[in-house]
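Engineer: A structural model of the following input is requested.
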Amino acid sequence: MSEQLIKLIKKVQNKFGEDSFEISNYSLAAALLETGVIKEVYNEGDLTKNYVSFTTDLLSGKYGDEFIEEIIECFGESLKTSEKDFKDSYRKKPSSIKEIIPGVFIHTSMSKILMESMIVSLVNKARLHIKFHSKIKTPQQWTKELIKATALKYKTISEFSKSEPDAYRAAVRHGIKPELAMDIKIRKNQNYKK
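Structural biologist: Got it, this is the predicted structure:
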């Protein structure tokens, strides 16, 4: 039985956890014509474990290394080559620092929404695609248009995130949070000029 068929059977029969997601490289494979199609599910039971597995795969070259410099920049201060380089608050909680590749460390001490935002940013920098398996548990379906309309009711992105946490999380998952922050800022500046 082929490995691909085994993965497909496991995927179909598997019940995806709340924090699981799937990464694929369809557009990259098509553009380069030399990269095989990759479709990987991260479903290890919680978002932190999925994040660690994904970043390990990403930095070890599983998805290619064409955009590695941009990916490293995206990590900001959450990626180091020594545990000693992290802030004291992270070092005091050793479980928040993970060695993902020998000599490469990440910290995982962040909120769930910030971690999802980091995953989406890394996926975008690597020119990959992400599909979150869990639905945001709300009676409302958050389309990009509805998220934007909801966000523009608020004066800051912070106010939006506190007042509408489900919409904010949907914005993160859709990858439109930076766009919304800019739209809110522009709208705020326009109101000041009036």
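Engineer: just say helix, strand or coil for the nearest residue in space to Lys131 that is not next to it in sequence.
Structural biologist: Closest residue to Lys131 apart from its sequence neighbours, by Cβ to Cβ, 6 or more residues apart in numbering: Glu22 at 4.6 Å. The way it works is simple: take the backbone N, C-alpha and C, and place the C-beta from them, glycine included. For Glu22, the assignment made with DSSP: H, G, I helix; E, B strand; the rest coil gives strand.
Engineer: for the protein, longest helix please?
Structural biologist: helix 177-193 (DSSP state H).
Engineer: which residues does it contact?
Structural biologist: For helix 177-193, contacts defined as Cβ atoms under 8 Å, 6 or more residues apart in numbering pick out Ser117, Ile147, Lys148, Ala151, Leu152, Tyr154, Lys155, Thr156, Ile157, Phe160, Tyr168, Ala171.
Engineer: so which of the residues you listed is the most crowded?
Structural biologist: Neighbours here mean other Cβ atoms under 10 Å. Within those, the largest count is held by Ala171, at 28 neighbours.
Engineer: wait, a helix at that one?
Structural biologist: Yes: the assignment for Ala171 is a helix, going by three-state DSSP.
Engineer: and it, what is it in contact with?
Structural biologist: The neighbourhood of Ala171, defined by Cβ under 8 Å, 6+ apart, consists of Trp142, Ile147, Ala151, Lys177, Leu180.
Engineer: element containing the first one, please.
Structural biologist: Looking back up the chat, that one is Trp142. Secondary structure assignment for Trp142, by DSSP states H and E: no helix or strand.
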